[in-house]
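Trainee: Model the structure of this input:
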Amino acid sequence: MDQPDDRRRDAERTRREILDVATREFADRGYDGARVDEIAERTRTTKRMIYYYFGGKRQLYVAALERAYARIREAEHGVNLDHLPPADAIRRLAEITFDHHEANPDFIRLVSIENIHRGEHIAQLESLSALNSPAIKVIEQILKRGWAEGLFREDVDAFDVHLAISAYCFFRIANRYTLTAIFERDPVDPARREHYRRLLGDMIVSHLLLEQH
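Mentor: This is a model prediction of the structure:
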């Protein structure tokens, strides 16, 4: 006879599998184009079970968004930056974002789709501030250390730094195919990866260092 812990693990595994497939489906087809029937066909469950776990298509999409944002926050918090000098810490944070965005193109597509919907669904997340506030706080802590050591200019804002890092990382993946077609230069070319990764860090650190201004 199944034990409660076994049933809970099975439920968590099923829920995770549904979210994995749903994330790819929404990323590939958008919110309107995705079909719960197809998600059910690609999982070891049924449409009825999907509704049981999530309530409906909209709730499933919101859950996929929530997990996508939670994972980038987990990546940022999974590395201890406190032992690094401020300039190295902000560079490392930029690299984490760079690596995550490159490894998770579905995240990029989901965010693009949600912006097409003007943030209609993500605004429903009760955990929204919990997902995004930590990202700003991590940068604020690094900036404060840089200010205390007289390294960073003080007319900078943590949100602006976050925006600059995210914009570079996001644009590189989201616009890969148009950039390649127009300029015949693939921004995700593995041979140029370290160049682009280093360029991001150089730009952010250069912007922050007091001696550069």
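Trainee: Find the residue ranges of the protein scoring beneath the pLDDT cut-off.
Mentor: Low-confidence segments of the chain, defined by pLDDT under 70: 1-7, 9, 128-132, 212-213.
Trainee: most centrally placed residue in it?
Mentor: Ile72 (4.2 Å; CA atoms, centre = their mean).
Trainee: Provide a list of residues in contact with it.
Mentor: 97, 100, 104, 107, 135 (CB atoms under 8 Å, 6 or more residues apart in numbering). Placement of C-beta: from N, CA and C, glycine included.
Trainee: which residue packs closest to the second one, ignoring adjacent ones?
Mentor: Nearest residue to His100 in three dimensions, chain neighbours excluded: Ala75, at 4.8 Å (CB to CB, 6 or more residues apart in numbering).
Trainee: That neighbour and Ile96 touch, don't they?
Mentor: Yes. Between Ala75 and Ile96 there is a contact under CB atoms under 8 Å: 5.5 Å.
Trainee: Comparing these two, which residue is more hemmed in?
Mentor: For Ala75 versus Ile96, the count of surrounding residues by other CB atoms under 10 Å is larger for Ile96: 20 against 16.
Trainee: picking that back up, columns distance to Thr178 on top of the contacts of Ile72, output as JSON lines?
Mentor: Formatted as JSON lines, the contacts of Ile72 follow (distance: CB to CB, whole Å):
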{"residue": "Thr97", "distance to Thr178": "21"}
{"residue": "His100", "distance to Thr178": "22"}
{"residue": "Asn104", "distance to Thr178": "20"}
{"residue": "Phe107", "distance to Thr178": "19"}
{"residue": "Ala135", "distance to Thr178": "27"}
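Trainee: Fine, thanks again, bye for now.
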